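> here is the input, now give the coordinates:
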Amino acid sequence: MKRIFLICINLIFLTALYNCTSTDDTPDTIPNSGDSNPITVEPGTPLLTDMRTFIFGHSLIVHEPPLIPTPSNETTVPHWMKVLSNSAGYSYAVDGQYGFLPQHDNLPPIAQWGFDIVPGVWNSDTTPFAEADFNTVLLTAANFIQYQSSNIPYDGDNPDNTTPIGATTTIIDWLLEQEEGITIYIYENWPDMGFINSFPPTEEEFNTYNNYTTGDFHNWWLEYHDTIIDSRPDANVKMIPVGPIITGLLADSALIDIPVTELYEDDAPHGRPTIYFLAGLITYSAMYGVQPPADLEIPTIIHSGVRENYQGIIDFIWTELQNFNDESGDSRVW
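Coordinates of the predicted model:
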C-alpha cells in the first residue's frame with residue numbers, strides 16, 4: 001500500500017525543471033568490470049539522433065515531487081536524458097504515464113507527464129498513439145514483486161490472474177499494432193529496501209541490499225527478459241540493467257564513500273538527483289548506443305564524487321553494457 005500511495009502522490013504533484021550549471025572532470029578512478037586492463041571505448045555512431053519515447057513507468061523513472069525539493073525535475077530520468085542529448089546535439093522528446101504493469105496494460109495509455117526542459121510528443125486527448133510516431137518505448141515492472149517468478153499471477157486483488165509476463169506481452173502486442181518495428185526497452189530498476197529496520201540502512205543492510213540487486217533481483221529480470229523474447233521473437237525487446245550497474249559503480253570505486261542519504265531519500269527507495277543522473281547516463285548509453293558526451297557540464301546538485309569521476313563512470317557503464325549478453329553471446333541491450 002505504501003508503494004501505491006507514493007504513486008498516487010506522484011500523480012497529484014507534477015512539478016518543474018531548470019538550467020544546468022557547471023563542473024569539471026578528473027581522471028578515471030572507476031575500475032573496469034572484471035578486467036584489470038584498460039578498455040578503449042570508441043565513440044561509434046548513435047543508433048538514432050531524434051529520439052521520441054513513450055514511457056510506461058513509475059517513480060523509479062520519474063519521481064515527482066521529491067521529498068527534498070530540487071530546482072527542477074532532477075529526480076527524473078527524462079530530465080537527464082534531455083541534458084545529455086542537448087550536450088551531444090541530439091533531439092529528445094518524451095511522454096509517459098505512471099503505474100505498474102497491471103495498470104499499464106489497460107490500453108491505450110495517456111500522456112500524463114510534463115517537464116520543464118523536455119518537450120512532449122503526443123496529445124493523447126486529441127491524437128491516436130499511432131499518429132505520434134514514437135520510435136522507442138521504455139517500460140518497467142514494480143521493484144517489490146521479485147520474490148516470485150514473473151509468470152506467476154500478482155498477489156492481492158487480481159481477478160484476471162494477471163502476471164508480469166502477461167501484462168508485458170499485452171503491451172508489446174498493442175505497441176506493434178500501433179508502430180510496427182518500434183524498439184522496446186525494459187528498464188531494470190533497483191529493488192525495494194523493505195527489509196531494513198529503518199532508513200537509512202546500516203552498512204550491513206546496505207551491503208545485503210546491493211548483493212540482492214546484483215543477485216536474485218537481477219536474475220528475475222533476466223528470466224523476465226528471456227521469457228518475453230521467447231514468447232515474442234519478432235518484437236525488438238531490449239533490456240537496460242540500470243540497478244545492477246549503479247550498484248557496481250557504488251560498490252567498489254571512488255563512489256563507495258558517498259553517504260546513502262546523498263543517494264536515496266527513503267526505503268522505496270526513491271533516489272536523489274545523483275541516482276537519477278546515474279540512471280540517465282546508463283539509459284542514454286543504451287538507447288542512443290553511444291557514450292554520453294565527455295565534455296558534459298554537470299550541475300553541482302550532483303554529488304562531487306560523481307562529478308570528479310565522470311569519465312571513469314561513463315567508461316564503466318559502457319563496458320557493462322558491452323558485456324551485457326545472453327547465453328548465446330547476443331547483446332541484450334543492442
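> so where do the strands sit in the stretch 201-334 of the chain?
Residue ranges of the strands in the stretch 201-334 of the chain, as given by DSSP state E, counting those that start in this stretch, are 236-241.
> for the stretch 51-200 of the chain, what spans make up the strands?
With DSSP E, counting those that start in this stretch as the criterion, the stretch 51-200 of the chain has strands at 91-98, 136-139, 183-188.
> hey, where'd the helices end up in the stretch 151-300 of the chain?
164-178, 203-214, 216-231, 242-251, 273-288 (DSSP state H, counting those that start in this stretch).
> turn the ones you listed into CSV, including mean pLDDT.
Output for the helices of the stretch 151-300 of the chain, formatted as CSV (pLDDT from 0 to 100):
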stretch, mean pLDDT
helix 164-178, 98
helix 203-214, 97
helix 216-231, 98
helix 242-251, 97
helix 273-288, 98
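> of all those, which one comes closest to residue 119?
helix 273-288 (16.6 Å; Cβ to Cβ). (C-beta placed from N, C-alpha, C; glycine too.)
> beta-bridge partners for the residue nearest the centre of the chain, please?
Closest to where the C-alpha atoms of the chain average out (Cα atoms, centre = their mean) is residue 187, at 4.8 Å. When bridges are called by DSSP bridges, residue 187 pairs up with residue 240.
> who touches it in this structure?
Residues near residue 187 by Cβ atoms under 8 Å, 6 or more residues apart in numbering: 57, 60, 61, 138, 139, 140, 240, 242, 283.
> give me the distance between it and residue 238.
Here residue 187 is placed at a distance of 10 Å from residue 238 (Cβ to Cβ, to the nearest Å).
> same check on residue 158?
For residue 158, the distance to residue 238 - Cβ to Cβ - is 28 Å.
> now swap in residue 313 and tell me
Taking Cβ to Cβ, one finds residue 313 at 22 Å from residue 238.
> who has more neighbours, the two?
In terms of neighbours (other Cβ atoms under 10 Å), residue 313 is the more surrounded of residue 313 and residue 238; the figures are 27 against 18.
> got a list of what that one touches?
Taking Cβ under 8 Å, 6+ apart as the criterion, residue 313 is in contact with 30, 249, 255, 278, 281, 306.
> out of these, which is nearest to residue 181?
residue 281 (26.9 Å).
> number of nearby residues for that closest one?
28.
> that one and residue 83 touch, don't they?
No: at 10.3 Å, residue 281 and residue 83 do not qualify as touching, with contact defined as Cβ atoms under 8 Å.
> where does the prediction get shaky in the stretch 1-150 of the chain?
Residue ranges of the stretch 1-150 of the chain with pLDDT under 70: 1-43.
> hmm, try it at 90
Residues of the stretch 1-150 of the chain that meet the criterion pLDDT under 90 lie in 1-44.
> can you give me the helices in it?
Assigned by DSSP H, counting those that start in this stretch, the helices in the stretch 1-150 of the chain fall at 2-12, 77-88, 101-104.
> output the strands of the stretch 51-200 of the chain as CSV; include the columns distance to residue 300.
Shown next, in CSV, are those (distance: least, Cβ to Cβ, whole Å):
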stretch, distance to residue 300
strand 91-98, 23
strand 136-139, 28
strand 183-188, 27
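> figure out which of those strands is closest to residue 151.
Closest to residue 151 of these is strand 183-188 (Cβ to Cβ; 15.3 Å).
> taking helix 242-251 as reference, get the angle to that closest one.
50 degrees (axes from the mean of the first three to the mean of the last three Cα atoms, to 10 degrees).
> pLDDT of strand 183-188, averaged?
Average pLDDT, strand 183-188: 98.
> hang on, residue 264 packs against residue 276?
No: at 10.8 Å, residue 264 and residue 276 do not qualify as touching, with contact defined as Cβ under 8 Å.
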